[in-house]
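[1] One predicted model, sequence on top.
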Amino acid sequence: MPPYRDVTVGQLLSRLAVDLPGHEALVHVHGRLRWTFGELNDESRQVARGLLAHGVKPGDRVAIWATNVPEWIVLQFALAKIGAILVTVNTALRANEVEYLLRQSESSTLVTIQGFRGVDFVDALRDVRAALPLLERVFFIGDGCPHDFTPYAQVSAAAAKTPVQDLDACEAAVGLDDVINMQYTSGTTGFPKGVMLTSRNIVNNGYWIGEGLAFGPADRLCLCVPPFHCFGCVIGVLGAYTHGACLCVVESFEARAVLETVQRERCTALYGVPTMFFAELEDAAFDRFDLTSLRTGVMAGALCPEPLMRRVIDRMHLPELTIAYGLTETSPVLTQTPRDADLETRTQTVGAVMPETELRIVDPATGEDVATGERGELWARGYVVMKGYYNMPEQTAVTITPDGWLKTGDQAAIDDVGNVRITGRIKDLIIRGGENVAPKEIEDVLRQHPAVADVSVYAIASAFFGEEVAAAIRAHPGASIDAPEVMQFCQQRLARFKIPRFVRVVESFPMTASGKIQKFKLRALHEAELRAAQLSASQSSRA
């Protein structure tokens, strides 16, 4: 009986189907679908056999580009039973970004939907498919399958071509330390990298998260965060299933849909980044919903302001809400606040280190540990550390030391009771509403603009998103920069969350003696200008 740990992702569902066969496992709100663990396991096995019949093999990379449709959860376990590697694709990506991901991951198979929020996935794939010679098959979820794609329904239909014993042999051959999941992250520098994660990484991380939340079979998690992030497929799916809890899935985040799901399904747990909780509280119909079934949950992606935390605890009935911190490279959670933590701990820290994990605070210049309470780079070691970046041995060697310490790139301090405070980032990664944004990726796109001579992308503080993307641009002589046109230029090439919210034209950049742009000075100057503009507008309105 649950909880489970030290099992593969595929074995986890097989165990649940034996121990809790009639227990409700998956409720999909939009499709009105309800599956028990026995039914979910049967469906996953059927799909796994169908994929084998279509030529998917152990070790193949299979990408999923879709919202929180029920097929996503089925495939997470079906691929794991085969020993194929699930490659997650952010639904906000554009054609060139998806082409990079599929090419770099060497994916042989893609499962997708028509599109999401103005992005047509089918058209995007047609634009780039010629550049993807290793992509052998594309399965389409939904009605109206394009003529050049294969309907997802044909996967299950082909299951009879694969003997049950063949699937059983595949599942038995998968090891705890085999790569089972690849997630693309901007990491600490540069272009997205494929983080290779094993069952030991993600099942055991899910186990410890569930332990921290005191999950059990009576719990019901409203899952409204996307599974293409670790927040969804590890903290969410595996955090619940290692403890036999039910998932009540919202297909894509909408505050009203979340409130409706919590009330209808009597959910006991809720996840989200701070902006999600804020949107739920601000929904015009918030007071109509009964949220008293809620007990616990996870807020991650950014620190929660104290006023928001008070409202979440009091008005959303989440007295045991926890804060979690981590990164994709650490499976993801490194620290978590206790369910009974005081308000200061939940709003000023990210909690203490998770079990079976070590943390150090290191002086980046010397490699030596700093004193308690002093700031340095946060390093982590333990079962959580990724296997490495796919086909990027040099970047892996830079990130993981020979003795197993992973350098997070985050600046932090640990107080005398063991709570971690994240104080900044050693690198200049931007985190906007829980999404990692690498400035270099945006800078490379902006340099393609004919009017842009040079550019520096940096973060601007945001009360809503935590940080917003800003770009300081130096124009070519005689050229002019039109901010709205620059943003439109980016819309064709970048996911929405990467598009600069602010564009500032500069004559020159603040530089170090060695010729490097000082982004912290750009940020400080820009934020000072924004504050001055807000003050002027406030004074004008009062006048």
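    Nice, I can see it. Numbering: from 1, shown residues only.
[2] going forward, measure contacts and count neighbours with C-alpha atoms only.
    Fine.
[3] Give me the average confidence score over whatever helix or strand residue 525 lives in.
    Using DSSP states H and E, residue 525 sits within helix 519-542. Averaging pLDDT along helix 519-542 gives 84.
[4] List the buried residues in it.
    519, 522, 523, 526 (16 or more other CA atoms under 10 Å).
[5] Let me have these in CSV, adding distance to residue 355 as columns.
    Putting the buried residues of helix 519-542 into CSV (distance: CA to CA, whole Å) gives the following:
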residue, distance to residue 355
519, 36
522, 40
523, 37
526, 41
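[6] which residues are contacting the helix holding residue 525?
    By CA atoms under 8 Å, 6 or more residues apart in numbering, the residues outside helix 519-542 that reach it are 456, 457, 458, 459, 460, 461, 472, 509, 510.
[7] Same question for stretch 14-23.
    With contacts defined as CA under 8 Å, 6+ apart, stretch 14-23 is touched by 1, 2, 36, 37, 38, 39, 41, 241, 244.
[8] excluding its backbone neighbours, what's nearest the first one?
    Of all residues not flanking residue 1 in the chain, residue 19 sits nearest, at 5.6 Å (CA to CA, 6 or more residues apart in numbering).
[9] Write a ChimeraX command that selects only the buried members of the contacts of helix 519-542.
    To isolate the buried members of the contacts of helix 519-542 in ChimeraX, using 16+ other CA under 10 Å:
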select :456,457,458,459,460,472,509
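[10] Of the contacts of helix 519-542, which is the nearest to residue 358?
    For those, the minimum distance to residue 358 (CA to CA) is 29.8 Å, reached by residue 459.
[11] Which residues does the closest one form beta bridges with?
    Judged by DSSP bridges, the bridge partners of residue 459 are residue 469.
[12] does residue 379 sit in a helix or strand, and which one?
    Using DSSP H and E, residue 379 sits in strand 376-382.
[13] That strand: what's the following helix or strand?
    Next along from strand 376-382, by DSSP H and E: strand 388-389.
[14] in the following helix or strand past that next one, what's buried?
    Scanning forward in sequence from strand 388-389 by DSSP H and E, the next helix or strand is helix 393-399. Buried residues in helix 393-399, defined by neighbour count with 16+ other CA under 10 Å: 396, 399.
[15] Tell me how far helix 393-399 lies from the chain's centre.
    Centre-to-centre, helix 393-399 and its host chain are 21 Å apart (CA atoms, centre = their mean, to the nearest Å).
[16] How about stretch 456-476?
    Distance of stretch 456-476 from the chain centroid (CA atoms, centre = their mean) equals 21 Å.
[17] and the end-to-end length of it?
    Start to finish, the residues bounding stretch 456-476 are 15 Å apart (CA to CA, to the nearest Å).
[18] any idea of the mean pLDDT for that stretch?
    92.
[19] can you check stretch 84-97 too?
    The average pLDDT for stretch 84-97 rounds to 95.
[20] Report the contact partners of the most centrally placed residue in the chain.
    Nearest residue to the geometric centre of the chain (CA atoms, centre = their mean): residue 229, 2.4 Å. For residue 229, the contacting residues are 88, 90, 183, 328, by CA under 8 Å, 6+ apart.
[21] Over to the first one: give its phi and psi.
    Residue 88 has phi and psi values of phi -90, psi 140 when expressed as degrees, to the nearest 10.
[22] quick one: it and residue 67 touch, right?
    No: under the criterion of CA atoms under 8 Å, residue 88 makes no contact with residue 67, lying 10.8 Å away.
[23] any idea how far the residue nearest to residue 1 is from residue 167?
    From residue 19 over to residue 167 the distance is 21 Å, taken as CA to CA.
[24] the more surrounded of those two?
    residue 167 (20 against 15; other CA atoms under 10 Å).
[25] farthest-separated two in the contacts of residue 229?
    Going by CA to CA, the pair spanning those furthest: 90 and 328, at 13.6 Å.
[26] Settle it for me: which of those two has more neighbours?
    Here residue 90 and residue 328 are compared on neighbour count by other CA under 10 Å; more neighbours surround residue 328, at 23 against 20.
[27] Verify the contact between that one and residue 185 for me.
    Yes: counting by CA under 8 Å, residue 328 touches residue 185, with 7.1 Å between them.
[28] where do the contact lists of these two overlap?
    In contact with both residue 328 and residue 185: residue 195, using CA under 8 Å, 6+ apart.
[29] tell me which element residue 281 is part of?
    In the assignment (DSSP H and E), residue 281 maps to helix 274-282.
[30] what's the closest of the contacts of helix 519-542 to residue 258?
    The closest of those, once distances to residue 258 are taken by CA to CA, is residue 461, at 27.3 Å.
[31] three-state assignment of that closest one?
    strand (DSSP: H, G, I helix; E, B strand; the rest coil).
[32] these two touch, right, residue 74 and residue 37?
    No: assessed by CA under 8 Å, residue 74 is found out of contact with residue 37, at 11.2 Å.
[33] helix, strand or coil for residue 144?
    Strictly by three-state DSSP, residue 144 counts as coil.
[34] now residue 227
    Following three-state DSSP, residue 227 is assigned to coil.
[35] Residue ranges in the stretch 151-300 of the chain under the pLDDT threshold?
    Applying pLDDT under 70 to the stretch 151-300 of the chain flags the ranges 186-190.
[36] can you map out the helices along it?
    Using DSSP state H, counting those that start in this stretch, the helices of the stretch 151-300 of the chain run over residues 153-157, 164-173, 199-213, 230, 239-241, 255-265, 274-282.
[37] Of those helices, flag the one that's most buried.
    Mean neighbour count (mean count of other CA atoms under 10 Å) peaks for helix 239-241 among the helices of the stretch 151-300 of the chain, with a mean of 29.
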